[in-house]
Each structure stands twice: as structure tokens, then as C-alpha cells.
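K.L.:
Test case, fold it:
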Amino acid sequence: MKTVLITGCSSGYGKATAAHFLERGWNVIATMRKPDPALLGGPSERLRVIHLDVTNDDSIANALAQGIAAFGKIDVLVNNAGIGLFSAFEVTPKETIREVFETNTFGVMAMTQALIPHMRERSEGAIVNVTSSVCFAGMPLVAPYAASKFAIEGFTEALFFELESVGVRVRLVEPGYGPGTAFTANGMDRMDGLISPPYQAYAGQLMEQFKTAGAVTTPDQVAAAVFAAATEESEKLRFPAGPDSTHLANARWHSTDEQFLAGMRSMLRMKG
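P.N.:
Below is the predicted model of the structure:
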């Protein structure tokens, strides 16, 4: 029986992904900053809910040790934990930018580096890094968030080749916009006061566009994409998740840079 460790399982994509793997007979190590076993249906022989702060090396080591002790090995790591930020860059404090990078970028790197030896020694395993559709289209007013996710795209593509040499598969899952996910829920305090007056009208326009977006991404769609990325034996690196992400990916891959940017500018320019 295979075992997956997933970060950021308290809500949204992480919670749905943990449930998806459980339903398919996997052992699941569901990690979160504030463990709550009831979130995934209560105790189970195939489930461990463990405290993990991806910004703390001791917490990472303890979580991996507990997971391996429970199930003997970890076959798949899903780096899902992340925080959102909607802000005007010119007024975003450097401390806030660093906070975003600590979780979204350095946390992913720390988890990956800690688990590589366990997989390398067995010459098998998969690492799935969850980024965002902003890596196909760098949306306005999310510059630090986009930067933190773009960094992981480059990191993952480099490891795609590097770890293949020792039998470990590395994949990307790129979710689209998911209303009500942790992007906004975990980021509200961080966003307070960061849309300064010159940007407020534009921010309001964008929020209205997001509210009326027809094609959005659901947690179940992300969970299915993560499972595919973890289990498919294909040579694919990128797995867009959700109809909006798939649309952006196809537009980016099948347009010239000028064509793609013109289309995005038409959609996102300030109206009126």
C-alpha cells in the first residue's frame, strides 16, 4: 500500500486531496499547523493527522519521522501548503513579502530537501508541487505571490531532470482561481491596508471580474490533478487544474508572446 504526505490539509485543496487519496486506498499523512483529525472523518488505520509548520526545520523533521514510523515509507510528497496575498506592490512591506516566500517557496524547498534522501535511497517516489495558474499569466495585484510561485516552477523543472537520475519523479500542479479557498481566507489580515488609494478602483474592478468568472477551479479538480501527477507514469511535468487554468495554459503554449499579452491586456485593463 502506498503512502502520501500532503502539506496544508486543514482546508481547500489540501483537504480535498487528502480525501481523494484516502478514497483510493492510500495511506495518508495529512499535515497542518493546527491538527484536527475530525476534518477528514475521524481516526483511521490509513490516516495520520500531524502537526507541521513548513517554515520550521524541527517541525519538518518531526513530521517526516512520525509519518515514516506510522507507515514505513513515504511514496509521494505533495507540497500544497501556501498563503495568498492581494496587494499593490509599491506599498507591500518587505516583511510581508518575505512571509509569503517563507511558506510558498522556502517551505516547499525545505520539505523537498528533507525527503529526497528517503526516496533516493529506494530509487522511487514522486514529489508534486502545487503552484498556480498565475505561472501561466502573471495577474495584477498579486506580484509577490506570483513571484513565490514562479520560483517553485523553476525549482521544480530543474529537479524534474536532476531527480530523474536517481529514480524520483517530480511534477507540477497548477490550479486556477478557486473562490473561497485559503488564498483569501489565510491572507485577509496580511492584505489589510495594502490596496492603496491609487489602486482601489482597479482592485475593485478585478474583484468584480473574479466574482463573475464562469470557469473557476474546484478543490476536487485540484485533487484529481494531484493524484494524476503522483501516479501517472508519463513524462509530463505540468498538470493544469481547473478549466480556467487549462484555458490559460493552452493560450500561453499556443500563442506568441505578443498575442498572449494582448489578450490578457484586453481582459485586465482598467475600464472607463
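K.L.:
Which of the helices or strands spans residue 4?
P.N.:
In the assignment (DSSP states H and E), residue 4 maps to strand 3-6.
K.L.:
Just the C-alphas of that strand, formatted as CSV.
P.N.:
Below are the C-alpha coordinates for strand 3-6, written out as CSV (Å, rounded to 0.1, in the frame of the first residue of the first chain):
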residue,chain,number,x,y,z
THR,A,3,1.7,6.4,1.3
VAL,A,4,1.3,10.1,0.6
LEU,A,5,2.3,13.1,2.8
ILE,A,6,0.4,16.3,2.0
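K.L.:
elements contacting that strand?
P.N.:
Applying 3 or more CB pairs under 8 Å, 6 or more residues apart in numbering; DSSP states H and E, one finds that strand 3-6 makes contact with helix 12-23, strand 27-32, helix 57-71, strand 76-79. For every residue, glycine as well, the C-beta is placed using N, CA and C.
K.L.:
How far off centre is the second one?
P.N.:
Put plainly, it is strand 27-32. 16 Å (CA atoms, centre = their mean, to the nearest Å).
K.L.:
Outside of it itself, which residues are in contact with it?
P.N.:
1-10, 14-15, 18, 21-22, 39-40, 46-52, 63, 66-67, 70-71, 74, 81 (CB atoms under 8 Å, 6 or more residues apart in numbering).
K.L.:
just for the chain, where's the confidence low?
P.N.:
Applying pLDDT under 70 to the chain flags the ranges 180-192, 213, 272.
K.L.:
From the centroid of it, which residue is nearest?
P.N.:
residue 130 (3.0 Å; CA atoms, centre = their mean).
K.L.:
Please enumerate the helices of the chain.
P.N.:
Taking DSSP state H as the test, the helices found in the chain are 12-23, 57-71, 94-101, 107-120, 143-162, 182-185, 188-191, 197-211, 219-231, 243-253, 257-268.
K.L.:
related to what we said a few turns ago, which neighbours in the sheet does the strand holding residue 4 have, and how are they oriented?
P.N.:
Next to strand 3-6 in the sheet, as set by DSSP bridges, lie strand 27-32 (parallel), strand 76-79 (parallel).
K.L.:
Please produce CSV containing the ones you listed, extended by mean neighbour count and distance to residue 219.
P.N.:
CSV is the format used below for the strands paired with strand 3-6 (neighbours: other CB atoms under 10 Å; distance: least, CB to CB, whole Å):
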stretch, mean neighbour count, distance to residue 219
strand 27-32, 27, 14
strand 76-79, 28, 13
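K.L.:
List the contacts of residue 227.
P.N.:
Residues in contact with residue 227, defined by CB under 8 Å, 6+ apart, are 17, 20, 21, 24.
K.L.:
Count the residues that sit near residue 40.
P.N.:
Look at residue 40: counted by other CB atoms under 10 Å, it has 18 neighbours.
K.L.:
How about the contacts made by it?
P.N.:
By CB under 8 Å, 6+ apart, residue 40 lies in contact with 9, 15, 18, 19, 22, 28, 30, 47, 49.
K.L.:
among the contacts of residue 227, which ones are buried?
P.N.:
For the contacts of residue 227, a neighbour count by 16 or more other CB atoms under 10 Å gives the buried set as 17, 20, 21.
K.L.:
ok, residue 224 touching residue 20?
P.N.:
Yes - between residue 224 and residue 20 a contact is recorded at 6.7 Å, counting by CB atoms under 8 Å.
K.L.:
what would the helices of the chain look like in JSON lines with distance to residue 136?
P.N.:
What follows is the helices of the chain, written out as JSON lines (distance: least, CB to CB, whole Å):
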{"stretch": "helix 12-23", "distance to residue 136": "17"}
{"stretch": "helix 57-71", "distance to residue 136": "30"}
{"stretch": "helix 94-101", "distance to residue 136": "19"}
{"stretch": "helix 107-120", "distance to residue 136": "19"}
{"stretch": "helix 143-162", "distance to residue 136": "10"}
{"stretch": "helix 182-185", "distance to residue 136": "16"}
{"stretch": "helix 188-191", "distance to residue 136": "23"}
{"stretch": "helix 197-211", "distance to residue 136": "16"}
{"stretch": "helix 219-231", "distance to residue 136": "14"}
{"stretch": "helix 243-253", "distance to residue 136": "4"}
{"stretch": "helix 257-268", "distance to residue 136": "9"}
